[in-house]
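Participant: Could you work out the structure for the sequence below:
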Amino acid sequence: MPFKYLLIATYGSLLFINYSGTAVTVAADLSQKKTEFLPLASFLYANRDPMRVGWYDTSSMPLEKDFKTDAKRRVGSFFVQLKPRKNEGEYQLALRVLRDGSHQFLLIREFTNGNTLNHKRYLTIPFELLIGAIQGEALRSLFPNDHVEFGGWRHQVTYVWETPELLMKSFTRSGTQTILQKDFMQGEEYTIPWKNLRSDLELEPLAVRDPLFI
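Facilitator: Residues are numbered from 1 along each chain as shown. Reported below is the predicted structural model:
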């Protein structure tokens, strides 16, 4: 095998191992905190699947320092609760709702504690493991005062636990620093420019998206 192809294959394997390890860690952390989850909003995904979204305090995440109070605060994370469809198996469910679902379907067993899927019961899944379209609908439901405006997505601070770090990791592309404030106050509004907003969330109207060239 040519050297450059060997490098590509090795690098790709390392990326996959890293993603899988992160996903398993998040799933394990979630399974330990099930009783603490309280959904804050509900929505109907794709006009078919009932889902619920909420926030939880992630004890395993590094604490963020608040420079004004010299205290430390938790970033926390979102979760989504959804039901398998009738007669849907682990693999089919993973393909439908998880990022890279074909390689992550074993995580479904983590979420069910090894129990058989039940289309009448909700599964709790970490927000970051879900496909962008579900994440986008969850964010719309969780933040009902958010809206489209000229130049970007307008976000209104709704909850006392919101932090810039949480919003950036949920709404923006990796590596962007759109929201720099260290303290949020409920009712304040911030605009996330379209160029920084994650396109996979499908929050940006088609009219303002870049045209496709064939």
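
Participant: Where does the prediction get shaky in this structure?
Facilitator: Under the criterion pLDDT under 70, the flagged ranges of the chain are 1-36, 59-75, 178-182, 207-214.

Participant: Surely Asp200 is in a helix?
Facilitator: Yes - judged by DSSP: H, G, I helix; E, B strand; the rest coil, Asp200 forms part of a helix.

Participant: Quick check: it vs Arg99, distance?
Facilitator: 9 Å (Cβ to Cβ, to the nearest Å). C-beta here means a position set from N, CA and C on the backbone, and glycine is covered the same way.

Participant: Compare these two (neighbour count), which wins?
Facilitator: Higher neighbour count among Asp200 and Arg99: Arg99, with 17 against 13, using other Cβ atoms under 10 Å.

Participant: who touches both of Asp200 and Arg99?
Facilitator: By Cβ atoms under 8 Å, 6 or more residues apart in numbering, Asp200 and Arg99 have these common neighbours: 131-132.

Participant: For the host helix or strand of Lys169, buried residues please.
Facilitator: Secondary structure from DSSP states H and E places Lys169 in helix 164-171. For helix 164-171, burial by neighbour count (16 or more other Cβ atoms under 10 Å) applies to 164-171.

Participant: Going by distance to Asp146, which of these wins?
Facilitator: Ranked by distance to Asp146 (Cβ to Cβ), the buried residues of helix 164-171 are led by Phe171 at 9.3 Å.

Participant: Tell me how this protein divides into domains.
Facilitator: 39-131, 143-199 (automatic domain parsing).

Participant: Relative to Leu206, which of those domains is closest?
Facilitator: Checking those against Leu206 by Cβ to Cβ gives domain 143-199 as the closest, at 11.2 Å.

Participant: measure that closest one end to end?
Facilitator: Length of domain 143-199, first residue to last, Cα to Cα, to the nearest Å: 18 Å.

Participant: and if you look at stretch 141-149?
Facilitator: Stretch 141-149 stretches 18 Å from its first residue to its last (Cα to Cα).

Participant: what do you get for stretch 169-187?
Facilitator: End-to-end distance for stretch 169-187, by Cα to Cα: 21 Å.

Participant: cool, and stretch 88-102?
Facilitator: Using Cα to Cα, the end-to-end distance of stretch 88-102 comes to 14 Å.

Participant: Other residues contacting it?
Facilitator: 19, 82, 84-85, 104-109, 117, 119, 125, 129-132, 134.

Participant: Next: stretch 120-140.
Facilitator: Residues contacting stretch 120-140 (Cβ under 8 Å, 6+ apart): 23, 26-27, 29-30, 34, 37, 41, 43, 45, 51-53, 77-84, 97-99, 101, 104, 107-108, 111-112, 146, 169-171, 198-203.

Participant: Would you mind measuring from Trp153 to Asp100?
Facilitator: Distance of Trp153 to Asp100, given as Cβ to Cβ: 25 Å.

Participant: Many thanks, we can stop here.
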